[in-house]
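# Need coordinates for the below:
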Amino acid sequence: MAPSILSLSRKPYQIIGLVSLLLLVETSNGFEFKVGGPTGSWAVPSDPSVAIYNHWAEKTRFQIGDSLLFVYDSSRDSVLHVTEDDYNNCNTASPLHKLSDGRSSFRLDRSGPYYFISGVAENCRKNEKLVVVVMAERSSSHKSDDAASSSPPPEEAPSPPFDSSQNNAAFTKAGSFAALLGLSLALVN
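Numbers count the residues shown, from 1 in each chain. Down below sits the predicted model:
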């Protein structure tokens, strides 16, 4: 009887350990965002006067570890990761990185802005270009009281309005976590 009591008392710890492991794995993975949203693709916008890709990116919060999925016709287009100057001038001559397979994933590995343009300069001039800003990781370090009191706290920008048509990675994360939790509970039982 003693072994069964011991095995019962370990079960909550096994579950907690497994859930902790799943949380660690889940938070270390980034999300893949399809450029333009779930139904979008990388192409010249139907209205070249509107920066549709930048409007999409402004509604999405990108973090280090996320990736962008560009879907396009590789026989007629490509994606170039470029500098800000090349972005502004639609310069296709010296990209930092070229994506050309028609279904290209680009990993966001640092905070700050990333600039993308079409590999066809004329398409870029018709607003087939994108700026993505990756949020900085939160730091756990604190400034001294003297440094903090010498300057006022920064003002917080208002949150963007909720758009149900955008790619909702938070719901994807919650769903995948729930599925992993259910699977782990089934394996423990």
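
# Would you map the strands across the chain?
Secondary structure of the chain, counting by DSSP state E: strands at 32-34, 62-63, 67-71, 79-82, 97-99, 103-107, 112-118, 129-135.

# Which other helices and strands does the second one contact?
Using 3 or more C-beta pairs under 8 Å, 6 or more residues apart in numbering; DSSP states H and E as the contact criterion, the secondary-structure elements in contact with strand 62-63 are strand 129-135. In this view, the C-beta of every residue, glycine as well, is placed from N, C-alpha and C.

# helices or strands next to the strand it packs on in the packing?
Helices and strands touching strand 129-135, by 3+ C-beta pairs under 8 Å, 6+ apart, are helix 52-58, strand 62-63, strand 112-118.

# can you rerun that using 10 Å?
Judged by 3 or more C-beta pairs under 10 Å, 6 or more residues apart in numbering; DSSP states H and E, strand 129-135 is in contact with helix 52-58, strand 62-63, strand 67-71, strand 79-82, helix 84-89, strand 112-118.

# Let me see the residues that make contact with the first one.
Residues from elsewhere that reach helix 52-58 (C-beta atoms under 10 Å, 6 or more residues apart in numbering): 33-37, 40, 42-43, 45-46, 51, 68, 114, 116, 127-133, 160, 163, 165-167.
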